[in-house]
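[1] Okay, sequence plus prediction incoming.
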Amino acid sequence: MKSTVVGSFPVDVKGPSSTKDKLLNTFGAYDEYKQSIKESVIAQLDAGVDIVSDGQVRGDMVSIFTKYIPGMKLEDGNTVVVSKIRNPIQEISVNDLKYAKKVLKDYYKGSIPEGKGVKGIITGPTTIIHSSRIQSFYKNKEDAIIDLAHSLKFEADAIAKKVKPVYIQIDEPFLSTGMVDMKVAKEAIDILHENLEIPLAMHVCGTLDGAFKDIAKFNVDILDFEFAGNNVNLDVLEKNADLIRNKKIGFGCVDSSVNEVDDVNDVDELVVKAIDIVGKDNLLLDPDCGLRRAPREVAFEKLKLMNEIKDKYS
């Protein structure tokens, strides 16, 4: 049994302090987020996380991608589709992930242990389009979703080739809402997965009772759901366990919606039930969702608690 995070971690953006950084800042070359990535990765590792993220420190899960995709623009903080969606103008998260992997390697003094690593995270095309306003070109969301999937495929392939993460996670929270065409959403994931030589995961938060059977059919290797803050999903998983026997489960076991450390007995009980349902070798423990909104100390203690439970049953 391994552990991971869904993605985000509390951000502490710092200005330049060293002479070198101040000089870089003078020439507009200082990256104010680089230290945040480092601190996020180290905090995850100190807490015992096996597969870390870069902390997603640069912004919200939609605009962090759409600001680099032609055909989409930001208006008052919201994404608007203004023309045909085309390929990204640059690699979006590759450099941050490469730096996160360097921090990971340095943490272990030059050699990353087996079972440890970073994962790439891409906000899914269905969620991005349903979070955006279509101003022109597209008559329906479905066509925009497919075009965006082809665009994001370039990012997925770049991550796989240049970062070599443990796996790539696609975040698709909208799939649990009942608002999306699941056939089109599945086609979009197929586009992202095509010829990918590393595992693909999909994170879907929210209540699953109306969507699980459809989601179980998606062409992914790992399905990641929330269970700590949701009193329905465990029953859904248990009743439909046969549908996901060929997949691993990312098991949200600490509640990311509550800014206090979870009760150890509650987490322990939840993980024991998960082991009974899918087996510990098929589990990746993680929080329900990202931890960006939690105080840094609380986020760390949540991850530490989660990993103490993982170590207990590994």
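    Alright, I've got the coordinates.
[2] Can you tell me how far the closest residue to residue 132 other than its chain neighbours is from residue 292?
    Leaving aside its chain neighbours, residue 132 sits nearest to residue 79 (4.1 Å; criterion: Cβ to Cβ, 6 or more residues apart in numbering). Heads up, the C-betas are built off the backbone N, CA and C, glycines and all. As defined by Cβ to Cβ, to the nearest Å, residue 79 lies at a distance of 18 Å from residue 292.
[3] Give me the more crowded residue out of these two.
    When neighbours are counted by other Cβ atoms under 10 Å, residue 79 and residue 292 differ, and residue 79 comes out ahead with 21 against 17.
[4] For beta bridges, what are the partners of that one?
    Per DSSP bridges, the residues bridged to residue 79 are residue 74.
[5] Residue 12 and residue 296 touch, don't they?
    Yes: counting by Cβ atoms under 8 Å, residue 12 touches residue 296, with 6.7 Å between them.
[6] mind listing what's buried in stretch 72-86?
    If you call a residue buried by 16 or more other Cβ atoms under 10 Å, then stretch 72-86 has these buried ones: 72, 73, 79, 80, 81, 82, 85.
[7] rewinding a little: neighbour-wise, which of residue 12 and residue 296 wins?
    The neighbour count for residue 12 versus residue 296, taken as other Cβ under 10 Å, is higher for residue 296 (15 against 11).
[8] Look at the nearest residue to that one once chain neighbours are set aside and give its secondary structure.
    Of all residues not flanking residue 296 in the chain, residue 10 sits nearest, at 4.3 Å (Cβ to Cβ, 6+ apart). With DSSP: H, G, I helix; E, B strand; the rest coil as the basis, residue 10 sits in coil.
[9] quick one: residue 10 and residue 38, what's the gap?
    For residue 10, the distance to residue 38 (Cβ to Cβ) stands at 14 Å.
[10] swap in residue 154?
    27 Å.
[11] Of these two, give the one with the bigger neighbour count.
    The residue with the greater number of neighbours, taking residue 154 and residue 38 and applying other Cβ under 10 Å, is residue 38; the counts read 19 against 15.
[12] Quickly find the element holding the more buried one.
    helix 34-46 (DSSP states H and E).
[13] which residues sit against the next helix-or-strand element following that helix?
    Later in the chain than helix 34-46, the nearest helix or strand by DSSP H and E is strand 51-52. Outside strand 51-52, the residues within contact range by Cβ atoms under 8 Å, 6 or more residues apart in numbering are 2-5, 41, 44-45, 100, 104, 116-119, 166-167, 284.
[14] Could you pick out which of the residues you listed are located in helices?
    Helix and strand membership here follows DSSP state H; of these, those in helices are 41, 44, 45, 100, 104.
[15] Can you give the distance from stretch 206-223 to the centre of its chain?
    Centroid separation for stretch 206-223 versus its chain: 16 Å, with Cα atoms, centre = their mean, to the nearest Å.
[16] Now residue 300. Its backbone dihedrals?
    phi -60, psi -50 (degrees, to the nearest 10).
[17] ok, now which ones touch it?
    Counting by Cβ under 8 Å, 6+ apart, residue 300 makes contact with 43, 46, 47.
[18] List buried residues within those.
    Buried members of these, scored by 16+ other Cβ under 10 Å, are 43, 47.
[19] What is the nearest of the contacts of residue 300 to residue 135?
    residue 43 (39.8 Å; Cβ to Cβ).
[20] Before I go, just wanted to say thanks for your time.
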